[in-house]
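*Asks:* following is a predicted model, sequence given first.
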Amino acid sequence: MTIKLQSLNSVLLEKAAERLNARKGELSKTRTAIITGMTAEIDSDERLKLYQKRQATLALSEGCPVPPQPPIFEETPTDLTKLGQEALIGTSNDLLPIEFFEYGLYAARSVGRIEHVEGLRFGTGFLVGHNLIMTNHHVLPNEHEARQHFFELGAEANRIGNQTPSKICSIEPDRFFWASEELDVAIVAVVDEDPGFIPLDHYGWHALIRQQGKIKKGDPINIVQHPLGRNKAVVVHNNHLLHIENGTDAHMFCWYSGDTQKGSSGSPVFNNRWEVVAVHHMAIPQTNTDGDILSKNGEPITRAMARKRPDMIAYAANEGIRTSCIVDALETAQFTKAHHADIRNWLLKTWSSPGAHRRGLRAAIRSTQAL
């Protein structure tokens, strides 16, 4: 018996699949552009202008000249016999400063594992300031469920550097809790149970940036996560933003390639500046017109095969919730508890303050100095 998407009884997945299936052509076009190295013109004019404006602003703020359009060759060759010794391949310049790796380590410190007290369920979350973490609504759907979980930082392997114990924090929804079922996001307070080890504010935090233009279609993305509830992992290969759009019924979401597994729900999706561009929430299987879930050979997969070989299920893309839409939703949220509204206001002010992204990453440097 084959598996129908509707038989999984997941409204969240059905809606995600419907959104993606309506955009299969756009995703296919982006994938082709990535393979051929021709991603420069696949995004909308509106989004490209937002992206170029933001890149120019960031370059000036960092003391760099406004980046010109990348040339076909690195320099104009005067001797054609030397043509092709070195060159930029494709239409984008993919050279990165070496601090990309260091920034990534700091960005990863604030990402932790969310675990049920009985060890039955896992998710991923990340610190966003004021001892608050962000994850998915389907990971922590309400205050009662939140109390049944804890947040663990530092659950990662380190075989060549200093291995430190992990830090476990309890979750305190009475201090703050907000969740949106529509967006599938949640923000909840955590408690530093052991400030004498490494204080929680030394793990850094991530500002959610409302401004658009942080990424364009075809750009690489990076996902820090706890797949299967195991040690922290990062995906930096074969990952690209496949589709994003404004002004439609699906403007709250974006789609990207890149591996995730159960337990990766709530992971931050980063651009190459290690800014959060989305919160991961769903991997969408490929289906045919009859709603059958497909295997990697393109045929409907049976339940027996899916149980025996889950790796044979074909997935069309991952879906994430855009940070700009999360900020908008949090700003308009109504709270019955006054102190929750106050914390929301402090958080939004923190995220929008000048240099918030770099300050959040810089806070993580202190944890390395404390070792």
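*Replies:* Ah, there it is. The model shown is predicted, which means the values in this text are computed figures rather than measured ones.
*Asks:* how about low-confidence regions in the stretch 51-200 of the chain?
*Replies:* Applying pLDDT under 70 to the stretch 51-200 of the chain flags the ranges 61-88, 90-91.
*Asks:* those helices in it, which residues are they?
*Replies:* 99-109, 143-147 (DSSP state H, counting those that start in this stretch).
*Asks:* please name the residues that touch the closest residue to L58 other than its chain neighbours.
*Replies:* Nearest residue to L58, sequence neighbours excluded (Cβ to Cβ, 6 or more residues apart in numbering): R273, at 7.7 Å. C-beta: built from backbone N, CA, C; applies to glycine. R273 is in contact with L58, Y103, K214, H357, counting by Cβ atoms under 8 Å, 6 or more residues apart in numbering.
*Asks:* would you mind putting these into TSV with distance to L228 alongside?
*Replies:* Shown next, in TSV, are the contacts of R273 (distance: Cβ to Cβ, whole Å):
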residue	distance to L228
L58	36
Y103	26
K214	29
H357	30
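*Asks:* now the residues you listed: which count as buried?
*Replies:* Buried members of these, counted by 16 or more other Cβ atoms under 10 Å: L58, Y103, K214, H357.
*Asks:* closest to P227 among the residues you listed?
*Replies:* Y103 (22.0 Å; Cβ to Cβ).
*Asks:* hmm, N271 and that closest one touching each other?
*Replies:* No. Y103 is beyond contact range of N271, at 11.2 Å (criterion: Cβ atoms under 8 Å).
*Asks:* the host helix or strand of H280 pairs with which strands, parallel or anti?
*Replies:* If you go by DSSP states H and E, H280 is part of strand 276-285. Next to strand 276-285 in the sheet, as set by DSSP bridges, lie strand 268-270 (antiparallel), strand 315-322 (antiparallel).
*Asks:* just name the most buried of the ones you listed.
*Replies:* strand 268-270 (a mean of 29; mean count of other Cβ atoms under 10 Å).
*Asks:* that older thread, would you point out the most distant pair within the contacts of R273?
*Replies:* Y103 and K214 (14.7 Å).
*Asks:* and I293, how close does it get to W274?
*Replies:* Relative to W274, I293 is positioned 34 Å away (Cβ to Cβ, to the nearest Å).
*Asks:* now G298
*Replies:* Distance of G298 to W274, computed by Cβ to Cβ: 37 Å.
*Asks:* neighbour count: these two, which is higher?
*Replies:* Between G298 and W274, W274 has the larger neighbour count (other Cβ atoms under 10 Å), namely 22 against 9.
*Asks:* the closest residue to E152 other than its chain neighbours: how many residues sit nearby?
*Replies:* With Cβ to Cβ, 6+ apart as the criterion, E152 has its nearest non-adjacent residue at 4.6 Å, and that residue is R113. Counted by other Cβ under 10 Å, the residues lying close to R113 total 26.
*Asks:* for the helices of the stretch 51-200 of the chain, which one sits closest to Q163?
*Replies:* By Cβ to Cβ (comparing all of the helices of the stretch 51-200 of the chain), the closest turns out to be helix 99-109, at 14.3 Å.
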